[in-house]
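Undergrad: Give me a 3D structure for the following:
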Amino acid sequence: MNTTKLPPIRIALAGLGKMGLSHQAIINMHPALDLVAVCDPSTYLLDLVGRYTRVPTFSDYACMLDQAQPEALVIATPSRLHEAMVRAALERGIDVFCEKPFCLDVKEGARLVTLAEARSLVTQVGYHNRFLGTFIEARRMLAASAIGRVHHASVECYGPVMLRPKGRTWRTSRIEGGGCLYDYACHGIDLLNFLIGTPNSVSGSVLRSVFSALTDDEVYANLAYPDGVTAQLSANWSDESHRKMSTTVTLWGTNGKIEASRQELTIYLRKPVPQLSSLCQGWNTLYTTALTKPVWYYLRGEEYSAQIDFFVDAIRQRRVDNHCNFRSGHATDIVADMIRRDAADSDRVGGGVAPAAGAVAPARWGRALQAIGAAVRDAPGAAAKTLKGNP
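TA: Residues are numbered from 1 along each chain as shown. I've put the predicted structure just below:
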(Lines give C-alpha, C1' and ligand atoms only; values in the text may rest on other atoms or scores of the structure.)
Protein backbone atom coordinates (compact mmCIF):
# COMPACT_ATOMS: atom_id res chain seq x y z
CA MET A 1 0.00 0.00 0.00
CA ASN A 2 1.24 3.47 -0.85
CA THR A 3 1.24 5.47 2.37
CA THR A 4 2.48 8.72 0.83
CA LYS A 5 0.82 11.69 2.53
CA LEU A 6 -1.43 12.96 -0.24
CA PRO A 7 -5.02 14.19 -0.13
CA PRO A 8 -7.40 11.20 -0.20
CA ILE A 9 -9.02 10.31 -3.50
CA ARG A 10 -12.69 11.27 -3.62
CA ILE A 11 -14.49 8.09 -4.62
CA ALA A 12 -18.16 7.18 -5.15
CA LEU A 13 -19.91 3.81 -5.22
CA ALA A 14 -22.81 2.68 -7.43
CA GLY A 15 -24.67 -0.42 -6.27
CA LEU A 16 -25.26 -1.67 -2.72
CA GLY A 17 -25.70 -5.39 -3.32
CA LYS A 18 -23.35 -8.03 -1.92
CA MET A 19 -20.32 -6.84 -3.87
CA GLY A 20 -21.20 -3.17 -3.44
CA LEU A 21 -21.41 -3.44 0.34
CA SER A 22 -18.12 -5.37 0.37
CA HIS A 23 -16.47 -2.62 -1.67
CA GLN A 24 -17.94 0.01 0.63
CA ALA A 25 -16.40 -1.63 3.70
CA ILE A 26 -12.99 -1.91 1.99
CA ILE A 27 -13.14 1.69 0.74
CA ASN A 28 -14.04 2.95 4.21
CA MET A 29 -10.91 1.32 5.63
CA HIS A 30 -8.50 2.49 2.93
CA PRO A 31 -6.40 5.45 4.15
CA ALA A 32 -6.08 6.91 0.63
CA LEU A 33 -9.82 6.95 -0.15
CA ASP A 34 -12.67 9.19 0.90
CA LEU A 35 -16.13 7.81 0.14
CA VAL A 36 -18.14 10.87 -0.88
CA ALA A 37 -21.36 9.31 -2.19
CA VAL A 38 -23.27 6.08 -2.80
CA CYS A 39 -26.07 5.31 -5.23
CA ASP A 40 -28.73 2.58 -5.32
CA PRO A 41 -32.42 2.35 -6.29
CA SER A 42 -33.32 0.83 -2.90
CA THR A 43 -34.59 3.52 -0.54
CA TYR A 44 -34.28 1.06 2.35
CA LEU A 45 -30.55 0.56 1.77
CA LEU A 46 -29.96 4.25 1.18
CA ASP A 47 -31.73 5.07 4.44
CA LEU A 48 -29.54 2.64 6.39
CA VAL A 49 -26.30 3.81 4.78
CA GLY A 50 -27.19 7.46 5.20
CA ARG A 51 -28.24 7.02 8.81
CA TYR A 52 -25.22 5.05 10.02
CA THR A 53 -22.39 6.33 7.83
CA ARG A 54 -23.47 9.92 7.08
CA VAL A 55 -22.31 9.41 3.48
CA PRO A 56 -24.49 11.33 0.97
CA THR A 57 -26.88 8.97 -0.81
CA PHE A 58 -28.46 9.16 -4.26
CA SER A 59 -31.03 7.20 -6.19
CA ASP A 60 -30.11 8.92 -9.46
CA TYR A 61 -26.70 7.99 -10.85
CA ALA A 62 -26.11 11.10 -12.96
CA CYS A 63 -27.08 13.37 -10.08
CA MET A 64 -24.55 11.64 -7.85
CA LEU A 65 -21.75 12.20 -10.34
CA ASP A 66 -22.67 15.83 -10.91
CA GLN A 67 -23.28 16.80 -7.29
CA ALA A 68 -20.66 14.72 -5.44
CA GLN A 69 -18.04 15.23 -8.18
CA PRO A 70 -15.92 12.16 -7.35
CA GLU A 71 -12.47 11.62 -8.84
CA ALA A 72 -13.00 7.86 -8.98
CA LEU A 73 -15.95 5.50 -9.10
CA VAL A 74 -16.66 1.86 -8.24
CA ILE A 75 -19.54 0.26 -10.16
CA ALA A 76 -21.10 -2.84 -8.58
CA THR A 77 -24.50 -2.95 -10.27
CA PRO A 78 -26.22 -5.64 -12.36
CA SER A 79 -24.27 -6.29 -15.56
CA ARG A 80 -26.82 -4.72 -17.92
CA LEU A 81 -26.28 -1.30 -16.31
CA HIS A 82 -22.50 -1.21 -16.67
CA GLU A 83 -22.31 0.33 -20.13
CA ALA A 84 -24.39 3.45 -19.42
CA MET A 85 -22.81 4.05 -16.02
CA VAL A 86 -19.25 3.58 -17.25
CA ARG A 87 -19.87 5.94 -20.16
CA ALA A 88 -21.35 8.62 -17.91
CA ALA A 89 -18.30 8.48 -15.65
CA LEU A 90 -15.76 8.48 -18.47
CA GLU A 91 -17.43 11.46 -20.14
CA ARG A 92 -16.98 13.36 -16.86
CA GLY A 93 -13.28 12.44 -16.66
CA ILE A 94 -13.70 10.03 -13.74
CA ASP A 95 -11.44 6.99 -13.21
CA VAL A 96 -13.56 3.81 -13.08
CA PHE A 97 -13.40 0.43 -11.35
CA CYS A 98 -16.21 -1.74 -12.82
CA GLU A 99 -17.23 -5.12 -11.48
CA LYS A 100 -17.12 -7.96 -13.96
CA PRO A 101 -18.28 -8.62 -16.56
CA PHE A 102 -17.15 -5.38 -18.12
CA CYS A 103 -19.90 -5.11 -20.75
CA LEU A 104 -22.49 -7.56 -22.09
CA ASP A 105 -22.35 -5.97 -25.56
CA VAL A 106 -18.87 -6.27 -27.09
CA LYS A 107 -19.46 -3.41 -29.53
CA GLU A 108 -20.41 -1.07 -26.71
CA GLY A 109 -17.45 -2.36 -24.71
CA ALA A 110 -15.06 -1.54 -27.55
CA ARG A 111 -16.37 2.03 -27.67
CA LEU A 112 -15.86 2.42 -23.92
CA VAL A 113 -12.27 1.15 -24.18
CA THR A 114 -11.59 3.71 -26.90
CA LEU A 115 -13.16 6.52 -24.85
CA ALA A 116 -11.20 5.65 -21.70
CA GLU A 117 -7.90 5.44 -23.57
CA ALA A 118 -8.53 8.66 -25.48
CA ARG A 119 -8.99 10.47 -22.15
CA SER A 120 -6.07 8.68 -20.41
CA LEU A 121 -8.32 7.53 -17.57
CA VAL A 122 -7.42 4.77 -15.13
CA THR A 123 -9.74 1.79 -15.51
CA GLN A 124 -10.05 -1.63 -13.92
CA VAL A 125 -12.41 -4.62 -14.11
CA GLY A 126 -13.03 -6.63 -10.94
CA TYR A 127 -11.48 -9.98 -11.82
CA HIS A 128 -10.12 -10.69 -8.36
CA ASN A 129 -8.38 -13.96 -9.32
CA ARG A 130 -5.58 -11.84 -10.79
CA PHE A 131 -4.76 -10.79 -7.22
CA LEU A 132 -4.61 -14.26 -5.67
CA GLY A 133 -1.11 -15.38 -4.72
CA THR A 134 -1.52 -18.85 -6.23
CA PHE A 135 -2.49 -17.59 -9.68
CA ILE A 136 0.15 -14.85 -9.59
CA GLU A 137 2.74 -17.51 -8.78
CA ALA A 138 1.48 -19.75 -11.57
CA ARG A 139 1.98 -16.87 -13.99
CA ARG A 140 5.51 -16.29 -12.67
CA MET A 141 6.33 -19.98 -13.12
CA LEU A 142 5.03 -19.95 -16.68
CA ALA A 143 7.14 -16.88 -17.45
CA ALA A 144 10.17 -18.81 -16.17
CA SER A 145 9.26 -21.79 -18.42
CA ALA A 146 9.01 -24.01 -15.35
CA ILE A 147 6.86 -26.60 -17.14
CA GLY A 148 8.36 -25.98 -20.56
CA ARG A 149 6.13 -25.27 -23.52
CA VAL A 150 2.48 -25.26 -22.46
CA HIS A 151 0.33 -27.35 -24.81
CA HIS A 152 -3.00 -27.65 -22.98
CA ALA A 153 -4.94 -26.05 -20.14
CA SER A 154 -8.25 -26.43 -18.38
CA VAL A 155 -10.20 -24.22 -16.02
CA GLU A 156 -13.15 -25.21 -13.85
CA CYS A 157 -15.53 -22.86 -12.04
CA TYR A 158 -18.18 -24.40 -9.80
CA GLY A 159 -20.48 -23.10 -7.09
CA PRO A 160 -23.97 -23.01 -5.51
CA VAL A 161 -25.78 -20.02 -7.01
CA MET A 162 -28.82 -21.58 -8.71
CA LEU A 163 -29.90 -24.70 -6.82
CA ARG A 164 -33.63 -24.63 -7.49
CA PRO A 165 -36.11 -22.82 -9.72
CA LYS A 166 -36.46 -19.30 -8.36
CA GLY A 167 -38.50 -16.19 -8.94
CA ARG A 168 -37.08 -13.66 -11.35
CA THR A 169 -34.01 -11.71 -10.22
CA TRP A 170 -31.35 -9.96 -12.28
CA ARG A 171 -29.18 -13.09 -12.01
CA THR A 172 -31.87 -15.33 -13.48
CA SER A 173 -32.15 -13.26 -16.66
CA ARG A 174 -29.60 -13.53 -19.47
CA ILE A 175 -30.19 -9.94 -20.59
CA GLU A 176 -29.79 -8.59 -17.03
CA GLY A 177 -26.82 -10.51 -15.67
CA GLY A 178 -25.61 -12.69 -18.51
CA GLY A 179 -26.13 -16.01 -16.74
CA CYS A 180 -23.45 -18.46 -15.71
CA LEU A 181 -21.43 -17.52 -18.79
CA TYR A 182 -20.88 -13.94 -17.65
CA ASP A 183 -21.03 -14.54 -13.89
CA TYR A 184 -18.92 -17.71 -13.44
CA ALA A 185 -17.36 -18.75 -16.73
CA CYS A 186 -15.93 -15.27 -17.29
CA HIS A 187 -13.71 -15.78 -14.25
CA GLY A 188 -12.26 -18.87 -15.92
CA ILE A 189 -11.90 -17.15 -19.29
CA ASP A 190 -10.12 -14.19 -17.70
CA LEU A 191 -7.81 -16.50 -15.77
CA LEU A 192 -6.79 -18.28 -18.97
CA ASN A 193 -6.24 -14.89 -20.62
CA PHE A 194 -4.07 -13.89 -17.65
CA LEU A 195 -1.96 -17.05 -17.79
CA ILE A 196 -1.67 -18.09 -21.45
CA GLY A 197 -3.23 -15.33 -23.56
CA THR A 198 -6.39 -14.95 -25.61
CA PRO A 199 -7.76 -17.67 -27.91
CA ASN A 200 -8.48 -17.13 -31.58
CA SER A 201 -11.38 -19.58 -31.79
CA VAL A 202 -13.83 -21.63 -29.72
CA SER A 203 -15.77 -24.78 -30.53
CA GLY A 204 -18.13 -27.33 -28.99
CA SER A 205 -19.71 -24.65 -26.80
CA VAL A 206 -22.66 -25.63 -24.62
CA LEU A 207 -24.91 -23.26 -22.65
CA ARG A 208 -27.41 -25.32 -20.69
CA SER A 209 -30.11 -24.51 -18.17
CA VAL A 210 -30.43 -26.69 -15.08
CA PHE A 211 -32.87 -24.68 -12.94
CA SER A 212 -33.05 -21.26 -14.57
CA ALA A 213 -35.84 -20.57 -17.06
CA LEU A 214 -34.27 -17.54 -18.75
CA THR A 215 -30.53 -18.15 -18.73
CA ASP A 216 -27.75 -20.73 -18.64
CA ASP A 217 -26.56 -22.56 -15.51
CA GLU A 218 -23.78 -24.60 -17.17
CA VAL A 219 -21.10 -23.56 -19.67
CA TYR A 220 -18.64 -25.80 -21.52
CA ALA A 221 -16.31 -24.87 -24.36
CA ASN A 222 -13.09 -25.74 -26.16
CA LEU A 223 -10.62 -22.94 -26.87
CA ALA A 224 -7.83 -22.85 -29.46
CA TYR A 225 -4.84 -20.50 -29.52
CA PRO A 226 -2.68 -19.20 -32.39
CA ASP A 227 0.41 -21.13 -31.23
CA GLY A 228 -1.40 -24.48 -31.16
CA VAL A 229 -2.23 -24.49 -27.44
CA THR A 230 -5.70 -25.79 -26.57
CA ALA A 231 -7.87 -25.33 -23.48
CA GLN A 232 -11.17 -26.48 -22.03
CA LEU A 233 -13.59 -24.42 -19.97
CA SER A 234 -16.14 -25.87 -17.57
CA ALA A 235 -18.45 -23.75 -15.40
CA ASN A 236 -21.53 -24.69 -13.37
CA TRP A 237 -23.21 -22.43 -10.82
CA SER A 238 -25.79 -25.12 -9.94
CA ASP A 239 -23.25 -27.35 -8.16
CA GLU A 240 -24.36 -27.89 -4.56
CA SER A 241 -21.22 -29.88 -3.75
CA HIS A 242 -19.32 -26.59 -3.35
CA ARG A 243 -20.01 -24.31 -0.39
CA LYS A 244 -18.90 -21.26 -2.40
CA MET A 245 -17.35 -20.55 -5.77
CA SER A 246 -14.35 -22.75 -6.54
CA THR A 247 -11.97 -22.03 -9.42
CA THR A 248 -9.17 -24.38 -10.48
CA VAL A 249 -6.79 -24.06 -13.42
CA THR A 250 -4.54 -26.85 -14.72
CA LEU A 251 -1.74 -26.39 -17.25
CA TRP A 252 0.20 -29.14 -18.99
CA GLY A 253 3.65 -28.51 -20.45
CA THR A 254 6.56 -30.43 -21.92
CA ASN A 255 8.33 -30.38 -18.53
CA GLY A 256 5.43 -30.94 -16.19
CA LYS A 257 2.12 -29.71 -14.89
CA ILE A 258 0.68 -26.91 -12.73
CA GLU A 259 -2.57 -27.09 -10.76
CA ALA A 260 -3.70 -23.93 -8.98
CA SER A 261 -6.74 -22.96 -6.94
CA ARG A 262 -7.41 -20.36 -4.32
CA GLN A 263 -6.00 -22.58 -1.59
CA GLU A 264 -2.82 -24.00 -3.13
CA LEU A 265 -0.57 -24.48 -6.12
CA THR A 266 0.97 -27.82 -6.98
CA ILE A 267 3.58 -28.22 -9.68
CA TYR A 268 5.07 -31.43 -11.07
CA LEU A 269 8.47 -31.13 -12.73
CA ARG A 270 9.98 -33.82 -14.95
CA LYS A 271 13.35 -32.11 -14.55
CA PRO A 272 14.51 -29.41 -12.12
CA VAL A 273 14.48 -25.81 -13.33
CA PRO A 274 17.69 -23.86 -12.53
CA GLN A 275 15.93 -20.49 -12.37
CA LEU A 276 13.46 -21.89 -9.81
CA SER A 277 15.92 -23.55 -7.43
CA SER A 278 13.38 -23.89 -4.61
CA LEU A 279 11.45 -26.47 -6.65
CA CYS A 280 12.55 -30.08 -6.84
CA GLN A 281 11.97 -32.79 -9.42
CA GLY A 282 8.53 -34.37 -8.97
CA TRP A 283 5.69 -32.83 -7.00
CA ASN A 284 5.92 -29.50 -5.16
CA THR A 285 3.13 -27.87 -3.15
CA LEU A 286 2.83 -24.20 -2.27
CA TYR A 287 0.01 -22.85 -0.11
CA THR A 288 -1.81 -19.56 -0.49
CA THR A 289 -0.78 -18.52 3.03
CA ALA A 290 2.84 -18.39 1.90
CA LEU A 291 2.12 -16.79 -1.47
CA THR A 292 -0.39 -14.08 -0.57
CA LYS A 293 0.83 -10.65 0.48
CA PRO A 294 -0.82 -9.23 3.61
CA VAL A 295 -3.43 -6.51 3.22
CA TRP A 296 -4.40 -3.69 5.58
CA TYR A 297 -7.99 -4.95 5.81
CA TYR A 298 -9.41 -8.43 5.29
CA LEU A 299 -12.94 -9.00 4.01
CA ARG A 300 -13.97 -12.21 2.22
CA GLY A 301 -10.38 -12.66 0.99
CA GLU A 302 -7.16 -10.70 0.59
CA GLU A 303 -7.72 -10.43 -3.15
CA TYR A 304 -10.70 -8.07 -2.76
CA SER A 305 -8.68 -5.54 -0.77
CA ALA A 306 -5.63 -6.04 -3.01
CA GLN A 307 -7.54 -5.14 -6.16
CA ILE A 308 -8.85 -1.90 -4.67
CA ASP A 309 -5.35 -1.00 -3.49
CA PHE A 310 -4.07 -1.70 -7.01
CA PHE A 311 -6.71 0.68 -8.38
CA VAL A 312 -5.65 3.38 -5.90
CA ASP A 313 -1.98 2.96 -6.79
CA ALA A 314 -2.78 3.12 -10.51
CA ILE A 315 -4.65 6.40 -9.96
CA ARG A 316 -1.76 7.86 -7.98
CA GLN A 317 0.71 6.93 -10.72
CA ARG A 318 -1.73 7.58 -13.61
CA ARG A 319 -0.99 4.05 -14.78
CA VAL A 320 -3.60 3.50 -17.48
CA ASP A 321 -1.95 0.50 -19.17
CA ASN A 322 -2.28 -2.06 -16.37
CA HIS A 323 -2.96 -5.78 -16.59
CA CYS A 324 -6.61 -5.59 -15.52
CA ASN A 325 -7.87 -2.46 -17.28
CA PHE A 326 -10.91 -2.11 -19.55
CA ARG A 327 -9.01 -3.44 -22.56
CA SER A 328 -8.23 -6.61 -20.59
CA GLY A 329 -11.84 -6.94 -19.41
CA HIS A 330 -13.06 -6.40 -22.96
CA ALA A 331 -10.81 -9.25 -24.16
CA THR A 332 -12.64 -11.55 -21.73
CA ASP A 333 -16.02 -10.28 -22.98
CA ILE A 334 -14.97 -11.05 -26.56
CA VAL A 335 -14.25 -14.70 -25.69
CA ALA A 336 -17.55 -14.99 -23.81
CA ASP A 337 -19.34 -13.62 -26.86
CA MET A 338 -17.54 -16.14 -29.08
CA ILE A 339 -18.80 -18.93 -26.80
CA ARG A 340 -22.33 -17.53 -26.82
CA ARG A 341 -22.42 -17.35 -30.61
CA ASP A 342 -20.83 -20.78 -31.01
CA ALA A 343 -23.42 -22.34 -28.69
CA ALA A 344 -26.21 -20.61 -30.62
CA ASP A 345 -24.84 -21.93 -33.90
CA SER A 346 -24.67 -25.42 -32.41
CA ASP A 347 -28.30 -25.21 -31.29
CA ARG A 348 -29.35 -24.32 -34.82
CA VAL A 349 -27.86 -27.56 -36.18
CA GLY A 350 -29.49 -29.81 -33.63
CA GLY A 351 -27.82 -29.27 -30.30
CA GLY A 352 -24.19 -29.75 -31.24
CA VAL A 353 -21.38 -28.38 -33.35
CA ALA A 354 -21.96 -28.88 -37.05
CA PRO A 355 -19.99 -31.99 -38.02
CA ALA A 356 -17.06 -31.82 -40.41
CA ALA A 357 -17.48 -33.18 -43.93
CA GLY A 358 -17.90 -36.95 -43.78
CA ALA A 359 -18.48 -37.04 -40.02
CA VAL A 360 -21.60 -38.41 -38.37
CA ALA A 361 -23.46 -35.97 -36.12
CA PRO A 362 -23.63 -37.22 -32.48
CA ALA A 363 -27.44 -37.32 -32.56
CA ARG A 364 -27.30 -39.71 -35.52
CA TRP A 365 -24.86 -42.23 -34.06
CA GLY A 366 -27.68 -44.49 -32.85
CA ARG A 367 -29.30 -44.73 -36.28
CA ALA A 368 -25.91 -45.22 -37.96
CA LEU A 369 -24.98 -48.11 -35.66
CA GLN A 370 -28.38 -49.74 -36.24
CA ALA A 371 -27.85 -49.54 -40.00
CA ILE A 372 -24.38 -51.11 -39.68
CA GLY A 373 -25.79 -53.91 -37.54
CA ALA A 374 -28.53 -54.61 -40.09
CA ALA A 375 -25.95 -54.72 -42.92
CA VAL A 376 -23.79 -57.22 -41.03
CA ARG A 377 -26.78 -59.48 -40.37
CA ASP A 378 -28.07 -59.34 -43.95
CA ALA A 379 -24.73 -59.78 -45.76
CA PRO A 380 -21.91 -60.63 -43.33
CA GLY A 381 -19.39 -61.44 -46.07
CA ALA A 382 -19.87 -58.17 -47.94
CA ALA A 383 -19.83 -56.19 -44.68
CA ALA A 384 -16.51 -57.75 -43.62
CA LYS A 385 -14.89 -56.90 -46.95
CA THR A 386 -16.17 -53.31 -46.69
CA LEU A 387 -14.84 -52.86 -43.15
CA LYS A 388 -11.44 -54.18 -44.26
CA GLY A 389 -11.38 -51.73 -47.15
CA ASN A 390 -11.89 -54.46 -49.85
CA PRO A 391 -15.10 -53.64 -51.73
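
Undergrad: quick one: terminal-to-terminal distance for stretch 201-215?
TA: Across stretch 201-215, the terminal residues are separated by 23 Å (Cα to Cα, to the nearest Å).

Undergrad: all helices for the stretch 251-391 of the chain, in order.
TA: 288-291, 302-317, 326-348, 365-378, 380-388 (DSSP state H, counting those that start in this stretch).

Undergrad: Identify the residues contacting the closest residue to G159 other than its chain neighbours.
TA: Ranked by Cβ to Cβ, 6 or more residues apart in numbering and with sequence neighbours excluded, the top spatial neighbour of G159 is M245, at 3.7 Å. C-beta: built from backbone N, CA, C; applies to glycine. Listed by Cβ atoms under 8 Å, 6 or more residues apart in numbering, the contact set of M245 reads 157-159, 184, 187, 237.

Undergrad: Next step: the residues you listed restricted to helices.
TA: H187 (DSSP state H).

Undergrad: Need the contacts of M245 in a markdown table (columns: distance to I75, neighbour count and pLDDT).
TA: Supplementary listing: these in a markdown table, determined by distance: Cβ to Cβ, whole Å; neighbours: other Cβ atoms under 10 Å; pLDDT from 0 to 100:
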| residue | distance to I75 | neighbour count | pLDDT |
| --- | --- | --- | --- |
| C157 | 22 | 27 | 98 |
| Y158 | 27 | 20 | 97 |
| G159 | 23 | 23 | 96 |
| Y184 | 20 | 26 | 95 |
| H187 | 18 | 21 | 98 |
| W237 | 22 | 27 | 95 |
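
Undergrad: where does this protein have low pLDDT?
TA: 1-4, 167-168, 170-174, 348-391 (pLDDT under 70).

Undergrad: Okay, domains of it per the record?
TA: As assigned by automatic domain parsing, the chain contains the domains 9-128+302-337, 130-298.

Undergrad: For A344, which of the ones you listed is the nearest?
TA: The minimum distance between A344 and the domains of the chain falls on domain 130-298, with 8.2 Å, by Cβ to Cβ.

Undergrad: Surely S246 is in contact with V155?
TA: No. At 11.3 Å, S246 and V155 do not qualify as touching, with contact defined as Cβ atoms under 8 Å.

Undergrad: Among these two, which residue is more densely surrounded?
TA: V155 (25 against 16; other Cβ atoms under 10 Å).

Undergrad: Let me see the contact set for the closest residue to that one other than its chain neighbours.
TA: Nearest non-adjacent residue to V155, counting by Cβ to Cβ, 6+ apart: G188, 3.8 Å away. Residues in contact with G188, defined by Cβ under 8 Å, 6+ apart, are 155-157, 233-235, 247, 249.

Undergrad: what about G188, distance to I196?
TA: Distance of G188 to I196, computed by Cβ to Cβ, to the nearest Å: 12 Å.

Undergrad: my guess is F194 meets G329, correct?
TA: No. Counting by Cβ under 8 Å, F194 stays clear of G329, with 11.4 Å between them.

Undergrad: quick one: common contacting residues for the two?
TA: Residues touching both F194 and G329 comprise Y127, with contact defined as Cβ under 8 Å, 6+ apart.

Undergrad: Give me the more crowded residue out of these two.
TA: Using other Cβ under 10 Å, the more surrounded residue of F194 and G329 is G329, with 28 against 20.

Undergrad: May I have the secondary structure class of L223?
TA: At L223, secondary structure determined by DSSP: H, G, I helix; E, B strand; the rest coil is strand.

Undergrad: Touching, it and S234? I think so.
TA: No. Judged on Cβ under 8 Å, L223 makes no contact with S234 at a distance of 11.5 Å.

Undergrad: Please name the nearest non-neighbouring residue to F326.
TA: Spatial nearest neighbour of F326, chain neighbours left out: T123 (4.1 Å); criterion: Cβ to Cβ, 6+ apart.

Undergrad: List the residues that contact N222.
TA: Contacts for N222 (Cβ under 8 Å, 6+ apart) come out as 202-205, 230-233.

Undergrad: Could you identify which of these has the most neighbours?
TA: L233 (26 neighbours).

Undergrad: is it true that that residue lies in a strand?
TA: Yes. Counting by three-state DSSP, L233 is found in a strand.

Undergrad: so it bridges to which residues?
TA: Legend: beta-bridge partners of L233 under DSSP bridges are V155, A221.

Undergrad: Next, find the distance separating K257 from H152.
TA: 10 Å.

Undergrad: what is in contact with those two at once?
TA: Residues touching both K257 and H152 (Cβ under 8 Å, 6+ apart): L251.

Undergrad: wait, is D66 part of a helix?
TA: Yes. According to three-state DSSP, D66 belongs to a helix.

Undergrad: From P70, how far out is the spatially closest residue to it that is not a sequence neighbour?
TA: Distances taken as Cβ to Cβ, 6+ apart place R92 nearest to D66, at 7.8 Å, with adjacent residues excluded. For R92, the distance to P70 equals 9 Å [Cβ to Cβ].

Undergrad: out of the two, which sits in the busier spot?
TA: Comparing R92 with P70 by other Cβ under 10 Å, the one with more neighbours is P70, at 22 against 15.

Undergrad: Now for the more buried one: which residues touch it?
TA: With contact set as Cβ under 8 Å, 6+ apart, P70 has these partners: 10-12, 36-37, 94.

Undergrad: so which of these comes closest to K293?
TA: Nearest to K293 among these is I11, at 22.5 Å by Cβ to Cβ.

Undergrad: T247 versus the residue nearest to V155, what's the distance?
TA: Look at G188 and T247: by Cβ to Cβ, they are 6 Å apart.

Undergrad: Between the two, which contacts overlap?
TA: Residues touching both G188 and T247 (Cβ under 8 Å, 6+ apart) are 155-157.
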